[in-house]
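> Prediction below, plus the sequence it came from.
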Amino acid sequence: MARPSPDQPSFLDDEAPPFGGGRSGTPPCGEGAMAPPCGDGEMAPPCGDGEMAPRCGDEAPAPRGAPSYLADHRARLRARFAEHGAEPMPDYELLELLLFRMVPRRDVKPLARALVDRFGDLGGVLAAATRDLEAVAGAGPSVALELKVTEAVARRALRARIMRRPVVSGWDALLDYLRATLSRAETERFRLLFLDTRNTLIADEEQARGTVDHVPVYPREVVRRALELNAKAVILVHNHPSGDPTPSEADIEMTGRIAAACAVLEITLHDHVIVGRQDTLSFRAHGYL
């Protein structure tokens, strides 16, 4: 919920080429063609985006006639990651490691750099809309899909760190998850986190999506869902696409209305967290609750 202008109503009113390097005799791909079955019943993926399909199992070597530096570069980059981890590697090199599996027969450094230049950093690449990823030269639908799958896996892993765990002792992990989920969203999104009597997170749900500066929030729906889940406390979460997590007057007013509605049924409003591009703001920590 970005700061509304004085005359702007708030959202908070109650309302391919042939295969190379694969198995001997592997035929070329056609449109929508599928490579022959791999061992143990595994099917090789279809060709797409002008790429040759990889062999099953580990990544196939570079195709015959390809410059040796392609395989050498990939081997060196993998060895650096295996020895030193991700910390010393720039974003585009980590992205290269992902792209190796997605684009097995082409130098992906130019694509990795183009993606980071376009979206700012690795987080921005993974959070980018599919249509925007596809628009980058050399990406295409298959690469865009795989990047979105990677993003979903990362979010699921972060979510697993907080579910069924006490919120107070895992507050930093909770903020990490909320930033990964909301900080780069292009429109406002409103989430509800439900807690039991021990302040353990029992449910994490998106209640509504809105526009760049508006999302509908209804106190009665917050309370109704808490009762359905037998929750004893609630944390409100929404994002500001503008990047500034400072609450607007409408944010503060609606938070008070939700707190009052919860209090009638002895449900605690534990906090309201606003997620900006870089920072988060806790209503309780800043004295708004």
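Perfect, thanks for sending it. Residues are numbered from 1 along each chain as shown.

> burial of residue 246, as a residue count?
The local packing of residue 246 (other C-beta atoms under 10 Å) involves 14 other residues. (Glycine included, C-beta is placed from N, CA and C.)

> How about the secondary structure of it?
coil (DSSP: H, G, I helix; E, B strand; the rest coil).

> Residue 145: how many residues sit nearby?
Residues near residue 145, counting by other C-beta under 10 Å, number 16.

> what does residue 273 give?
Neighbours around residue 273, by other C-beta under 10 Å: 24.

> One more: residue 264?
Applying other C-beta under 10 Å, we find 8 residues neighbouring residue 264.

> Now do the helices in the stretch 101-250 of the chain.
Ranges of helices within the stretch 101-250 of the chain are 109-119, 122-127, 130-134, 140-160, 171-182, 219-228, 249-264, based on DSSP state H, counting those that start in this stretch.

> Those helices into a markdown table, with extra columns for mean pLDDT and distance to residue 88?
Shown next, in a markdown table, are the helices of the stretch 101-250 of the chain (pLDDT from 0 to 100; distance: least, C-beta to C-beta, whole Å):
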| stretch | mean pLDDT | distance to residue 88 |
| --- | --- | --- |
| helix 109-119 | 94 | 16 |
| helix 122-127 | 91 | 14 |
| helix 130-134 | 94 | 26 |
| helix 140-160 | 92 | 20 |
| helix 171-182 | 93 | 21 |
| helix 219-228 | 96 | 45 |
| helix 249-264 | 94 | 40 |
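
> Quickly note the distance from residue 88 to residue 209.
For residue 88, the distance to residue 209 (C-beta to C-beta, to the nearest Å) stands at 38 Å.

> separation between residue 142 and residue 134?
Residue 142 is 9 Å from residue 134, by C-beta to C-beta.

> Am I right that residue 274 sits in a strand?
Yes - assessed with three-state DSSP, residue 274 lies in a strand.

> ok, back up a step: hey, which of the helices of the stretch 101-250 of the chain is tucked in deepest?
Highest mean neighbour count among these (mean count of other C-beta atoms under 10 Å): helix 122-127, with a mean of 20.
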